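Engineer: here's my sequence, what's the structure:
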Amino acid sequence: MSLIGTLVGYVLTVFIVVLVVRMVLDWTRLVATGPAWLGQARRISHRATEPVLAPVRRVLPPVRAGGVAFDLAFTVVFVAALVVRSIAFAL
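Structural biologist: Model (predicted):
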């Protein structure tokens, strides 16, 4: 069981890193335009994380605060991935 927990933990670690990359690339898009490879990296990160984020976003839509929207689904998925990763590594 320890091998399975370790593998699941590593997969979740990669997923968390991709979530952080998505967050940073989305922020940089708001600040300025960049080289062409940034667009490609953004598309890859969205393809990898959107299948998990979309169902959560349907249940928990973004919260509007004036002209800004806070994506609570991203936060919930990020925290859940951290918790499940720590449980997987503890197995």
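
Engineer: pLDDT weak spots in this structure?
Structural biologist: 1, 29-34 (pLDDT under 70).

Engineer: ranges for the strands of it?
Structural biologist: Applying DSSP state E to the chain gives strands spanning 63-65, 68-70.

Engineer: which residues does the residue minimising distance to the centre of the chain contact?
Structural biologist: Nearest residue to the geometric centre of the chain (C-alpha atoms, centre = their mean): Leu19, 2.7 Å. Listed by C-beta atoms under 8 Å, 6 or more residues apart in numbering, the contact set of Leu19 reads Thr49, Phe74, Val77, Phe78, Ala81. Every C-beta, even on glycine, is put in place using the N, C-alpha and C of the backbone.

Engineer: wait, the fourth one sits on Val18?
Structural biologist: What it means is Phe78. No. With contact defined as C-beta atoms under 8 Å, Phe78 does not count as touching Val18 (10.9 Å).
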